[in-house]
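Engineer: Pasting the sequence and the predicted model now:
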Amino acid sequence: MFGNAARFLSEVRRRNRAREQDRGRLETDVLEVAGSVDMSEQLLKVREVADELRLSRETVYELIRQGMLKAINVSPSWSRRQLRIKRRDVEAFKRGRRM
């Protein structure tokens, strides 16, 4: 019985270490993406884009899914979506260009 408990605890510890390593890799990826964005350019939230285009947030998410608007995930946790859209991409969409 104690052998199974020891194996179980060992497996839990191994998974926790792997999860921490994955989290570190994801944070590095986010920093690399954030570093590649020109920070002088204004990034808008989905809600702000929806208000500007007079659309629902769901419609803006659908435009992103269809590739008609480009979005950047700025969340350090990939499980939580925090998308931003560049102002110039919104302006191009308003002019009728496809991204």
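Structural biologist: The structure has been received and is ready for your questions.
Engineer: Let me know the next secondary structure element after the helix or strand bottoming out on mean pLDDT in the chain.
Structural biologist: Lowest mean confidence among the helices and strands of the chain (mean pLDDT, DSSP states H and E): helix 2-36, at a mean of 67. The helix or strand immediately downstream of helix 2-36 is strand 43-45, counting by DSSP states H and E.
Engineer: Quick check: phi and psi at the residue positioned nearest the centre of the chain.
Structural biologist: For the chain, residue 73 is the residue whose C-alpha lies nearest the centre (C-alpha atoms, centre = their mean; 2.5 Å). Note on residue 73: backbone dihedrals following degrees, to the nearest 10 are phi -90, psi 120.
Engineer: surely it meets residue 82?
Structural biologist: Yes: between residue 73 and residue 82 there is a contact under C-beta atoms under 8 Å: 6.4 Å. Yep, even glycine has a C-beta here, placed from its N, CA and C like the rest.
Engineer: Checking residue 85 next. Helix, strand or coil?
Structural biologist: strand (DSSP: H, G, I helix; E, B strand; the rest coil).
Engineer: ok, residue 50 - contacts?
Structural biologist: Neighbour list for residue 50: 56, 57, 59, 60 [criterion: C-beta atoms under 8 Å, 6 or more residues apart in numbering].
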